[in-house]
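Student: Just a sequence and a predicted model for now, questions to come.
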Amino acid sequence: MATNVVLDGREVPVLEPGHSFESVTEKISSIVLTRPISAGWILGLMFCGGIVMMLGTAISWLLLKGTGIWGINIPVGWGFAIINFVWWIGIGHAGTLISAILHLLRQSWRNSINRFAEAMTLFAVMCAGMFPLLHTGRPWLAYWMFPYPNTMGYWPQFRSPLIWDVFAVSTYFTISLLFWFTGLIPDFATLRDRAGNKYARMIYGILAMGWRGSARHWKRYESAYLLLAGLSTPLVLSVHTVVSFDFAVALVPGWHTTIFPPYFVAGAIYSGFAMVLILAIPIRAIYNLKDMITERHLDNAAKVMLATGLIVAYGYIMEVFLAWYGPSASDKFLVHNRFFGPYAIPYAMLWVCNIIVPQLLWIKKFRVKPVLLFLISVVILAGMWLERFVIVVLSLHRDFVPSSWGMYYPTKWDWMTYIGTLGFFFMAIFLFVRILPMISIFEMRMLLPEAEAHH
Amino acid sequence: MSNLYGLMAEFTSVADLKKAAKTTHDSGYKAIDAYSPFPVEGLSEMIGFHKDSVSLVTLIGGLIGAASGYGLQYWVANIAYPTNIGGRPLHSWPAFIIVTFEMTVLFAGLSATFGMLALNGLPEPYHPNFNVKAFERATQDRFFLCVFASDPKFDATQTRKFLEGFKPVSISEVPE
């Protein structure tokens, strides 16, 4: 169990006292149903929409000209596409961790952050999915990766990690969507019953599918929810493990290592919690939800980041140690090249962002002061992006044969695609907070003392 | 009153609903249902619903997923499209574990979600309960107990009197 946070001589609860069933329902549903649309929201949506236009431009040009417009070439054939794929999919993992693993561990503080963390997962996986799809060069033929009877008489190669990835990521997206939608059903019913607008009532009514809170329905619902949590838990661990197999199964120095699966999973959760905080900190301030997303949540999330960050640090140190201790000259050269080669600056920044700065989280002030925590989260996200840059680019650009060495420089199209997906992600978040209840209403009711009946 | 669907009592607290549900079920009414805005532990047992079969459906779905996932890979690698990859055996089962696992989770998850909905009879476009105006608070902050007219013990006057004994906030007739 998480230890309690004491601020100003007072223990901070998961949900501030003074709430009732009605006030919780009113507070969360009014953001969707009655709160007027602010100029800030419209401007934010327009700004993100503009960035999505840029993404559209970059993708259109890519489809016209081919992947040659990106900085990738031999020896670095993966570049931004794979860096960003791994980065985004890792961000998604915190949502599943919060909704599934913390549910199984009965950490009820998760009830106020699981809904938007799951939304974050879905949007992040959408962004992630774009990259390998575009990287194929002919995304309109992407369905070739699925096993289906075809006139070419051809089938996928199931011994390849890239095919495992197709199955892992598509399963992950499907299950995350089901989990999220299942969680939303009772809240759709609440919105249906509270909506004043006829069309809102109809749309939420269709989505609620006739949910009426029957005890028999709740019993089956809770079984299904628990099973989905139980299924998602190994799934989320498997997804980033499979992503790490894309690297670890290859023989390239720096990739061919057994430490990759655990350290990839830890890194994924590390960056995911950073993104959760980047979303939660402004949302709780703008929508006045500080009584539902309290300092306790910030503190807990910061502690998860600190713990997973230390696992990641162990991974980095172990990579250096194994190169020194092991017999492979290529590994020794790789580590030397990381510290002193042409990409020494990104590698040094990686250590600063991912290992040195997060040590501030040992100090309570940095865990509970929103602005400081927000800044640390941004640094961690940058650090995790650099980690993937170092893994992808530094291993490929100088491998076994010096005559085939080369450098990798991203082009403006690489940057436009990457920043474009950020715009897509935040645009989706902007729409989400006004269309769906961003905190699970029925699970918040369960946190109230009145929800416990003693007779 | 020929087309009466049931009688519905409204409560303000979990404890009241639980007490009423248990007493009603114990006094012989079997066609009843309780409604709450969040899952209440033990409530379904009190109205005589003990075991749901969602986990069984999920298990069957998961097994079908595992069998079809592994079977597909075996068939592709050995029969439909055998390829020699670095001299490895055609039936290189360790490489097939991951897709088998993913297919297991996928089928089990789909079965859990759609099995739960199907067993609950959802989507259900019309239900008589929604004819009662007060019932819209069942998804917000109120608790309801409904005795259906299909119960052999049901009698519009007697059952109403019985429900009044729990001192509910209101008692409504649910039209068909």
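Tutor: Arrived safely.
Student: Would you mind pulling up the elements that the helix or strand containing residue A:430 packs against?
Tutor: Using DSSP states H and E, residue A:430 sits within helix A:412-435. If you count contacts as 3 or more CB pairs under 8 Å, 6 or more residues apart in numbering or on different chains; DSSP states H and E, helix A:412-435 packs onto helix A:21-33, helix A:39-65, helix A:79-96, helix A:114-135. For glycine as for every other residue, the C-beta is placed from the backbone atoms N, C-alpha and C.
Student: contact partners of the helix or strand residue B:21 falls within?
Tutor: Using DSSP H and E, residue B:21 maps to helix B:14-26. Helix B:14-26 is contacted by residues A:215, A:450-455, B:9, B:11, B:32, B:34, B:36, B:40, B:42-43, B:46-48, B:143-145, B:147, B:162-163, B:166-168 when judged by CB atoms under 8 Å, 6 or more residues apart in numbering or on different chains.
Student: and it with helix A:21-33, angle?
Tutor: Here helix B:14-26 points in a direction 100 degrees away from that of helix A:21-33 (axes from the mean of the first three to the mean of the last three CA atoms, to 10 degrees).
Student: Show me what counts as buried in helix B:14-26.
Tutor: B:14, B:16, B:17, B:18, B:19, B:20, B:21, B:22, B:24, B:25 (16 or more other CB atoms under 10 Å in any protein chain shown).
Student: So is the strand ranked longest in chain B next to chain A?
Tutor: Criterion DSSP state E: the longest strand present in chain B is strand B:4-11. No: Strand B:4-11 lies apart from chain A when judged by CB under 8 Å from any CB of the partner chain; the minimum separation is 10.8 Å.
Student: List the contacts of residue 82.
Tutor: Using chain A. Taking CB under 8 Å, 6+ apart, one finds A:131, A:132, A:135, A:246, A:388, A:392 in contact with residue A:82.
Student: not what I meant, chain B
Tutor: Taking CB under 8 Å, 6+ apart, one finds residue B:90 in contact with residue B:82.
Student: do you know how far it is from residue B:4?
Tutor: Residue B:82 is 68 Å from residue B:4, where distance means CB to CB, to the nearest Å.
Student: before we move on, what about residue B:172?
Tutor: Residue B:172 is 11 Å from residue B:4, by CB to CB.
Student: before we move on, back to that, mind putting the buried residues of helix B:14-26 in CSV, pLDDT included?
Tutor: As requested, the buried residues of helix B:14-26 are exported to CSV (pLDDT from 0 to 100):
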residue, pLDDT
B:14, 91
B:16, 90
B:17, 92
B:18, 91
B:19, 91
B:20, 92
B:21, 92
B:22, 91
B:24, 92
B:25, 92
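Student: what's in contact with the strand or helix carrying residue B:161?
Tutor: Element membership for residue B:161 (DSSP H and E) is helix B:156-164. Residues outside helix B:156-164 that contact it (CB under 8 Å, 6+ apart): B:1, B:4, B:7, B:9, B:20, B:24, B:27, B:29, B:145, B:147, B:149, B:153, B:171, B:173.
Student: switch the cut-off to 7 Å
Tutor: B:1, B:4, B:7, B:9, B:147, B:171 (CB atoms under 7 Å, 6 or more residues apart in numbering or on different chains).
Student: what sits against the second one?
Tutor: Contact partners of residue B:4, counting by CB under 7 Å, 6+ apart, are B:149, B:156, B:173, B:175, B:176.
Student: Low-confidence stretches in the stretch 251-400 of chain A?
Tutor: For the stretch 251-400 of chain A, no stretch has pLDDT under 70.
Student: and with 90 instead?
Tutor: Within the stretch 251-400 of chain A, the ranges that satisfy pLDDT under 90 run A:251, A:253-254, A:257, A:288-291, A:328, A:399-400.
Student: residue boundaries of the strands in it?
Tutor: Along the stretch 251-400 of chain A, counting by DSSP state E, counting those that start in this stretch, no stretch forms strands.
Student: rewinding a little: got the buried residues for the helix holding residue A:430?
Tutor: Buried-residue list, helix A:412-435, by 16+ other CB under 10 Å: A:413-414, A:416-418, A:420-430, A:432-434.
Student: how close does residue A:99 sit to residue B:140?
Tutor: Taking CB to CB, one finds residue A:99 at 23 Å from residue B:140.
Student: Grab the longest helix from chain B for me.
Tutor: helix B:93-119 (DSSP state H).
Student: which helices and strands does that helix pack with?
Tutor: Contacts defined by 3 or more CB pairs under 7 Å, 6 or more residues apart in numbering or on different chains; DSSP states H and E place helix B:93-119 against helix A:161-194, helix A:215-248, helix B:54-75.
Student: who touches residue 61 in this structure?
Tutor: Picked chain A for this. A:69, A:413.
Student: Switch to chain B, please.
Tutor: Per CB under 7 Å, 6+ apart, neighbours of residue B:61: B:107, B:108, B:110, B:111.
Student: which one of these is nearest chain A?
Tutor: residue B:108 (5.5 Å; CB to the nearest CB).
Student: Could you measure from that closest one over to residue A:202?
Tutor: Taken as CB to CB, the span from residue B:108 to residue A:202 is 33 Å.
Student: higher neighbour count, the two?
Tutor: residue B:108 (27 against 12; other CB atoms under 10 Å in any protein chain shown).
Student: Which residue, other than its chain neighbours, is closest to that one?
Tutor: The shortest distance from residue B:108 to any residue other than its chain neighbours is 3.4 Å, reached at residue B:62 (CB to CB, 6 or more residues apart in numbering or on different chains).
Student: Next up, the contacts around the one you found.
Tutor: Taking CB under 7 Å, 6+ apart, one finds B:104, B:107, B:108 in contact with residue B:62.
Student: quick one on the thing from earlier: for the contacts of residue B:61, name the two members farthest from one another.
Tutor: Within these, B:108 and B:110 form the most distant pair, 7.5 Å apart (CB to CB).
Student: Residue most distant from the centroid, chain B?
Tutor: residue B:87 (51.1 Å; CA atoms, centre = their mean).
Student: re earlier: name the residues of the longest strand of chain B that are buried.
Tutor: B:5, B:6, B:7, B:8, B:9, B:10, B:11.
Student: C-alpha coordinates for it, CSV please?
Tutor: The C-alpha trace of strand B:4-11 is given here as CSV (Å, rounded to 0.1, in the frame of the first residue of the first chain):
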residue,chain,number,x,y,z
LEU,B,4,-48.5,-4.0,-14.8
TYR,B,5,-44.9,-5.0,-15.1
GLY,B,6,-44.0,-4.6,-11.5
LEU,B,7,-43.7,-2.4,-8.4
MET,B,8,-40.7,-0.4,-7.7
ALA,B,9,-39.5,0.9,-4.4
GLU,B,10,-36.9,3.7,-4.1
PHE,B,11,-34.3,4.0,-1.4
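Student: Direction included, what does that strand pair up with?
Tutor: Sheet pairing for strand B:4-11, assigned by DSSP bridges, gives strand B:143-148 (antiparallel), strand B:170-175 (antiparallel).
Student: what inclination does that strand have with respect to helix B:156-164?
Tutor: Going by the same axes, to 10 degrees, strand B:4-11 makes 20 degrees with helix B:156-164.
Student: Any stretches of the stretch 101-250 of chain A with poor pLDDT?
Tutor: A:101-112, A:137, A:145, A:152-154, A:195-197.
Student: can you put the contacts of residue B:62 in CSV and add pLDDT?
Tutor: Below are the contacts of residue B:62 laid out as CSV (pLDDT from 0 to 100):
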residue, pLDDT
B:104, 97
B:107, 97
B:108, 97
